[in-house]
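A.B. asks: Here is a sequence together with a model predicted from it:
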Amino acid sequence: GAGVSQSPSNKVTEKGKDVELRCDPISGHTALYWYRQSLGQGLEFLIYFQGNSAPDKSGLPSDRFSAERTGGSVSTLTIQRTQQEDSAVYLCASSLGEGRPLHFGNGTRLTVT
Amino acid sequence: GENVEQHPSTLSVQEGDSAVIKCTYSDSASNYFPWYKQELGKGPQLIIDIRSNVGEKKDQRIAVTLNKTAKHFSLHITETQPEDSAVYFCAASWGQAGTALIFGKGTTLSVSS
């Protein structure tokens, strides 16, 4: 069956530009997560959506970062006025809900020049 | 919030040897502890998980142990094979619903034949 799909797989952008990263979760998964993975670092939690509840945005590093989840399915992570320190792999994951395993996509590698 | 420490950061073993990776967590309310394997260019994949009501779980060559009192858990891989070479991440649940995962910084395991 289809797993978590992320697009684009790679994105190169100039400093100061806005970028949008897309995540298509596994069908039927109510929970969706965004993580950031920098070189040599672990997975940094960014934001979490569960059903119709208000998202947990506690991991977003600055107000330049935002995310939406439309219709309880597809999610978009937006980074405004990108900075070089935003360069990383952005991973999306989905799950069936509380305490259930996360299924990750292959990530979007963002490079800010 | 939750903090997860993982060590060692790198581990090299000979094929057939055992490998052990250890993690500690800070939030005594955490109740779900998964382990993920990440191969180059791919998202992390769940290999085994354990909940706080269980002390040990085994799946073929992989086992996880949990010590709630000491707040640490470990991954044990026996009879290692070259295909076990990857980055391994531990994680602990965190957040109001206990669903967002906080990850350790990862262990790069190299198995030489």
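C.D. replies: Alright, I've got the coordinates. Residues are numbered from 1 along each chain as shown, chains lettered A, B, ... in the order given.
A.B. asks: Now do the contacts for the closest residue to chain A within chain B.
C.D. replies: Going by Cβ to the nearest Cβ, chain A is nearest to residue B:43 of chain B, at 3.3 Å. Glycine gets a C-beta too; all of them are placed from N, C-alpha and C. By Cβ atoms under 8 Å, 6 or more residues apart in numbering or on different chains, residue B:43 lies in contact with A:4, A:91, A:93, A:104-107.
A.B. asks: Also within reach of chain B: list those from these.
C.D. replies: The subset of the contacts of residue B:43 within reach of chain B, by Cβ under 8 Å from any Cβ of the partner chain, is A:4, A:91, A:93, A:104-107.
A.B. asks: Which of those sits closest to chain B?
C.D. replies: Taking Cβ to the nearest Cβ as the measure, chain B sits nearest to residue A:104 out of these, at 3.3 Å.
A.B. asks: what's across from that closest one in the sheet?
C.D. replies: residue A:93 (DSSP bridges).
A.B. asks: And it, what's its pLDDT?
C.D. replies: You'll see residue A:104 listed with a pLDDT of 96.
A.B. asks: Same check on residue B:99?
C.D. replies: 62.
A.B. asks: low-scoring stretches of chain A, by residue?
C.D. replies: For chain A, residues meeting the criterion pLDDT under 70 lie at A:1.
A.B. asks: Spell out which parts of it neighbour chain B.
C.D. replies: Checking chain A against chain B by Cβ under 8 Å from any Cβ, the hits are A:4, A:31, A:33, A:35, A:40-45, A:48, A:50, A:56, A:58-59, A:91, A:93, A:95, A:97-107.
A.B. asks: helix or strand right after the lowest-mean-pLDDT helix or strand in chain B?
C.D. replies: Sorting the helices and strands of chain B by mean pLDDT, DSSP states H and E puts strand B:100-103 at the bottom, at a mean of 86. Per DSSP states H and E, strand B:100-103 leads on to strand B:107-112 as the next helix or strand towards the C-terminus.
A.B. asks: Return the list of strands paired to that following strand, each annotated with direction.
C.D. replies: strand B:10-14 (parallel), strand B:86-94 (antiparallel).
A.B. asks: Need the residues that contact it.
C.D. replies: By Cβ under 8 Å, 6+ apart, strand B:107-112 touches B:6-15, B:19, B:21, B:77, B:80-89.
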